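Participant: Mind folding the following:
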Amino acid sequence: MSFFQLVSREMHGSLRRLVLMSGLGGASNAAILAAVNSGAEAAGAGNVSLVAATVFVLALLIFIKTQHYILIATTVEIEAIIHKVRVRLMDQVRHSELLPLDAIGRAAVVAAITKESGVLTQATNMIAFSGQGVVLVLFVALYVAYLSFAAFAISFVIICVAGGMYYFRSKQLAGETREAATWENRLFDRLIDLLDGFKEVRLNKPRSDDLFYDVLEVSRNAANLKMRSQAESFKQLVFYQSAMYLLLAAVVFAVPVFAETKGGSIIKIVPALMFVVGVFMGVVQTIPVLRAADAAAENIERLEAKLREIAERAPTAPEEPVRQFNKIEMRNVMFRYRDKSSDAVFQVGPFDFTLQSGELVFITGGNGSGKSTFFKLLAGLYQPDYGEIFLDGMRVDDRTRDVYRSLISAIFVDYHLFQRLYGVADPDPAEVDRLLKQFQLGDKTRLVNGEFRTLDLSAGQRKRLALIVSLLEKRPILLLDEWTADQDPEFRRKFYDELLPMMTSAGKTVVAITHDDRYLDERDLPARRLRMDEGRFVGQQ
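Facilitator: Predicted structure coming up:
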């Protein structure tokens, strides 16, 4: 999909009105040129042409009016289009599923919403400029044809040949532009690695060096592609400029040889053609920008098609969330995950697991045993490849998955803590203050107008705040993935001795992944303990 197709499909205002105003703008340009030529001819004869002056003033007023409208209207339309596309993409992202979204990659999504939309903004005024240029060239062409058909014919041939060569070469360069954009997305991935993994990078010099050399290679490839495409674009600009100078030379030197001209017509034709040459140069220089806008529009359309396909298969959120359940059953559930980098296949299951309302379940096991993957299956974020999940006898599928999810709050290892308290309508300030004090955060942050005053907290404190948010959501099931890993010994004991009993006594169903075997052995919690190894449950207490 081209930039112009995107604009025509998405714009709210009248495209016909915008085209009309662009046409008037081009016509006013041509009228200004004709008036100046006519006035100059009269001045050469020692006269002042009031008609030419009147036409000049009227054309100038029309030019000013049309330029104001076109520049403002195109800016408003493009920004409205970008807003609509951004919001639509983000809406499709939030309705997507975890695995296919991971397959698309963060770089492609972020680039489409930020970088690609910025490219569209840069191309805003090019539409109006190109439209006016076409109209201006049409009027000037008629003017030149009136003065000398031979000059018109030579000009037409040279412009068509040069324009055709430029167009076909530009189509070849479009592929290089898209490839350069792909490498820039890879560079964004490396930047995310550097920022998200800064601690690991700073701690390990070989890793830091390897990552930097990878960044260097990706950046070099992106730069080389852009330099090659830009160099070709500049060569094309020089070629087209030379063609325009050849056009002027042909009119000045060749037309008088092969055709008779009316008195002084060449003197009138040359300024008109120089005016057109200036317009053509401007239009030609916008072509790389429009080419980049075409590539951006194609990337946006490609991403939106993928997201739309995912979103169409995604379940529809329930009107009212479910607030209670009796039993969740996993029956022979298996899940396979293919690693993108190595194509290795990892499998967890089969799981035959039952979770009763009000239960407290601890899951232990070594790293890589499949605990977090099991959690994502239990949370409904991954769909089983085999087997089924039932909620109170109802099969959990695409139609009912969001109903099932509405039961669950979860804090994963890679959790994200939002600044605002999204999804919790009218939280009780007294309850919030009580929880902040109970979690020893009362002097660290507070909730003001639905937003936490600060998230500048330690890792353990951020997890405590995340747990407070989960409790405020008041969902019956709470999943905790290594929640205690970042807590100090004092608060870890508080979690097992005070917080867990408080949650279970309130009817909360808690499933927690933990390595705290010693803490569990020292306490007589009314809980079920499951141990995982190599993707399966291998023991129960």
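Participant: mind listing what Val277 touches?
Facilitator: Val277 makes contacts with 244-245, 247-248, as judged by Cβ atoms under 8 Å, 6 or more residues apart in numbering. In short, each C-beta sits where N, CA and C put it, glycine included.
Participant: so Ile82 sits right up against Ala123, yeah?
Facilitator: No: if you go by Cβ atoms under 8 Å, Ile82 and Ala123 don't touch, sitting 10.9 Å apart.
Participant: just the strands in the protein please.
Facilitator: Remark: strands assigned in the chain by DSSP state E are 327-338, 345-356, 360-365, 386-391, 394-395, 408-411, 447-448, 451-452, 477-481, 509-513, 528-533, 536-540.
Participant: of Ile82 and Ala123, who's got more company?
Facilitator: Ala123 (23 against 19; other Cβ atoms under 10 Å).
Participant: separation between that one and Arg220?
Facilitator: Using Cβ to Cβ, to the nearest Å, Ala123 is found at 27 Å from Arg220.
Participant: Next: Ile192.
Facilitator: Look at Ile192 and Arg220: by Cβ to Cβ, they are 19 Å apart.
Participant: Between those two, which is the more surrounded one?
Facilitator: The neighbour count for Ile192 versus Arg220, taken as other Cβ under 10 Å, is higher for Ile192 (14 against 11).
Participant: who's in contact with the residue nearest to the more buried one when sequence neighbours are not counted?
Facilitator: For Ile192, ignoring the flanking residues on the chain, the nearest one in space by Cβ to Cβ, 6 or more residues apart in numbering is Arg106 at 6.3 Å. Arg106 makes contact with 188-189, 192, according to Cβ under 8 Å, 6+ apart.
Participant: Helices of the stretch 101-250 of the chain, start to end?
Facilitator: Ranges of helices in the stretch 101-250 of the chain, per DSSP state H, counting those that start in this stretch, are 106-110, 116-122, 124-147, 149-196, 198-203, 205-249.
Participant: can you check the stretch 251-400 of the chain too?
Facilitator: Using DSSP H, counting those that start in this stretch, the helices found in the stretch 251-400 of the chain span residues 255-258, 265-313, 371-378.
Participant: ranking those by burial, who's on top?
Facilitator: Ranked by mean neighbour count, those are led by helix 371-378 with a mean of 22 (mean count of other Cβ atoms under 10 Å).
Participant: what's it packed up against?
Facilitator: strand 327-338, strand 345-356, strand 360-365, strand 477-481, strand 509-513 (3 or more Cβ pairs under 8 Å, 6 or more residues apart in numbering; DSSP states H and E).
Participant: pLDDT of the third one, averaged?
Facilitator: This points to strand 360-365. Strand 360-365 carries an average pLDDT of 90.
Participant: how much space between Val345 and Ala103?
Facilitator: 15 Å.
Participant: Those two: who's more crowded?
Facilitator: Using other Cβ under 10 Å as the criterion, Val345 and Ala103 rank with Ala103 on top: 13 against 9.
Participant: For that one, give its distance to Glu97.
Facilitator: 10 Å.
Participant: one step back: okay if I get the helices of the stretch 101-250 of the chain as CSV plus mean pLDDT and distance to Val432?
Facilitator: Output for the helices of the stretch 101-250 of the chain, formatted as CSV (pLDDT from 0 to 100; distance: least, Cβ to Cβ, whole Å):
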stretch, mean pLDDT, distance to Val432
helix 106-110, 78, 32
helix 116-122, 74, 37
helix 124-147, 71, 45
helix 149-196, 74, 30
helix 198-203, 70, 31
helix 205-249, 78, 41
